[in-house]
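**Q** Prediction below, plus the sequence it came from.
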Amino acid sequence: MRTAIIIGAGISGLTAAVYLQRSGIQTLVLEKAAGPGGVSTSWKRKGYTFEGGIHWLIGAKKEIPLHQVWLETGALQENNPVHFKDPIYTLVDEKGTMPMFRDLHGLEITGFRDRLALWRLRFHLACFKHFHQPIGDLRGLKVRYPKSFSVWEYVKMLSAVLVTPFLMAQSARAYAGWFKNPRIRALLAAVVEPDINALSFIYTLGTFNVGDSGYPKGGSLHMAQNMASTFLNCGGIIRYQTPAEKIFLEGKQWSVRTKNEVLTADVVIVSADARSAIDTLFEEPLQDGWAKKMRSGLRTTQCMFLGVGVRADLSSWPRSMQIVLPRQLKAAGRTYKTIVVNNYVTEEGYAPEGCSVITCLLHGPTYAYWKSAKEDGSYAAKKNKVMADFIEAISEMIPEIKNAVAVTDMATPLTYERYCSTFEGSYMTDWPPFRRLYHAPVRYREGLYFTGQRTAYSGGLPPAAQSGRTTAQTVCKDLGEEFVGA
């Protein structure tokens, strides 16, 4: 039996692992953390669950082709049904609330310019109505359950292709700037980071618009655990708390060195962050052209995660809020006037009865700030200051939180770096307008492969899963094995 070693039990690694094991390739997954999921995870603190990964899952709708991948890998099962929230976001400011529903109902359109901007937005969403990630098979691959992608599907997606250059040439902020109403502009900023390209904005909003992008029960960790269980039930092996230290050639085979042993297999797949791996996982940093371009051209998306368990019922507040703060929040050398707050009061088991959990991601390149704080000994104090200022600011808009905080937890880019070995503590690749993304190759050399978000565009769970599937198919093709999807 052919063998494979996968470094990293994130979504892409688990996806590849399930498909390889099911295809008859004995697969071992090495994971440095104590559980699966990588960046896509959640955790408990004093009876409160903090969701650190999924905010919506593309492919949650059964009619979307990616949904089949989630079923085949075991990510979605009967134990984690999907909830499709609507409204998707609600603006909360000094004037009250303004919801944005999946069909864009609820926006306050007050003049000709806003009507024109709304027409343009609806037009672009219509262009993406039939757009989805193609889920097909590699040419020349032996497949037990083939998946075809018809010409008609390409034809239906042609409208999206035609408007893509226009959308990629501007930021999401510039696109939303067509609206005169500042409240609408602020609300649209909740969908994606305003500085990335408008293509990402339209694609993401479009998934909501067609009824996709739901939240599975139990969130990230439950989904990752489902995938890990599926892999183990197929006969695979996962070793947690076993980081890979080096990858090297031993004879004609690639080997992996851990703290206690050297492991050899027919195939080694790097599912860890490729940007970090090219500098740290090999005997010498990789100097191939793509690696050099990745070093010089990669821009990372970083964030600070803030979670608060509250001894109060927040069921009267929306599920996802774009809050305009009465005064700016300063954190890690950056200033925030608006913040997205997720309210998990409706999620079963996330908090004790009568209590709630809220989380917030403060985006921005703060890795250098926190690294400096770690070096000068002010790291803990600065984290406490950010959390205290956040609670004070949010309490002005949601007074139930004041004096009702039960537990807090905060992660900085250094936290992501420590637990997941991600480059600069990032969780995806930044994709601003006019920016080319530099990817790691799926097949690096004979027997050595890459998978994960650095091998695909931008980031998120869909490219992670698709990358894992593509890598598994490439391995099967190279080894002459039949790919078994389901």
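**A** Thanks, I have the structure now. Residues are numbered from 1 along each chain as shown.

**Q** which stretches of the chain aren't confidently modelled?
**A** 436-437, 457-458 (pLDDT under 70).

**Q** Domain map for it?
**A** What automatic domain parsing lists as the domains of the chain is 3-42+57-79+216-298+432-479, 102-137+146-210, 303-423.

**Q** so which of those domains gets nearest residue 50?
**A** domain 303-423 (3.7 Å; Cβ to Cβ). Heads up, the C-betas are built off the backbone N, CA and C, glycines and all.

**Q** Just the terminal-to-terminal distance for that closest one.
**A** 13 Å (Cα to Cα, to the nearest Å).

**Q** for it, the distance to its chain's centre please.
**A** 18 Å (Cα atoms, centre = their mean, to the nearest Å).

**Q** What of stretch 171-188?
**A** With Cα atoms, centre = their mean as the basis, stretch 171-188 stands 24 Å off its chain's centre.

**Q** out of the domains of the chain, deepest packed?
**A** Sort the domains of the chain by mean neighbour count, taking mean count of other Cβ atoms under 10 Å, and domain 3-42+57-79+216-298+432-479 sits at the top with a mean of 20.

**Q** Residue 471: which element?
**A** helix 461-479 (DSSP states H and E).

**Q** just residue 329 next, same as before
**A** strand 320-331.

**Q** Partner strands of the next helix or strand after that strand, with direction?
**A** The helix or strand immediately downstream of strand 320-331 is strand 334-343, counting by DSSP H and E. Sheet pairing here is set by DSSP bridges, and for strand 334-343 it gives strand 320-331 (antiparallel), strand 356-363 (antiparallel).

**Q** May I have strand 334-343 as CSV, with CA atoms only?
**A** Extracted in CSV, the C-alpha atoms of strand 334-343 (Å, rounded to 0.1, in the frame of the first residue of the first chain):
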residue,chain,number,x,y,z
ARG,A,334,-4.6,51.5,15.0
THR,A,335,-7.9,53.3,15.2
TYR,A,336,-11.4,51.8,14.7
LYS,A,337,-14.6,53.8,14.2
THR,A,338,-16.7,50.8,13.1
ILE,A,339,-16.4,47.2,14.3
VAL,A,340,-18.2,43.9,13.4
VAL,A,341,-19.6,42.2,16.5
ASN,A,342,-21.0,38.6,16.3
ASN,A,343,-23.6,37.7,18.9
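
**Q** Give me the residues contacting that strand.
**A** 51, 55, 89, 186, 189-190, 314, 317-325, 328-330, 356-362, 364, 366, 394 (Cβ atoms under 8 Å, 6 or more residues apart in numbering).

**Q** re the thing from before, please name every helix or strand in contact with the helix holding residue 471.
**A** Applying 3 or more Cβ pairs under 8 Å, 6 or more residues apart in numbering; DSSP states H and E, one finds that helix 461-479 makes contact with helix 11-22, helix 66-72, strand 267-270, strand 448-450.

**Q** where do the strands sit along the stretch 51-200 of the chain?
**A** 82-83, 89-93, 96-100 (DSSP state E, counting those that start in this stretch).

**Q** Go through those and name the closest to residue 448.
**A** strand 82-83 (36.2 Å).
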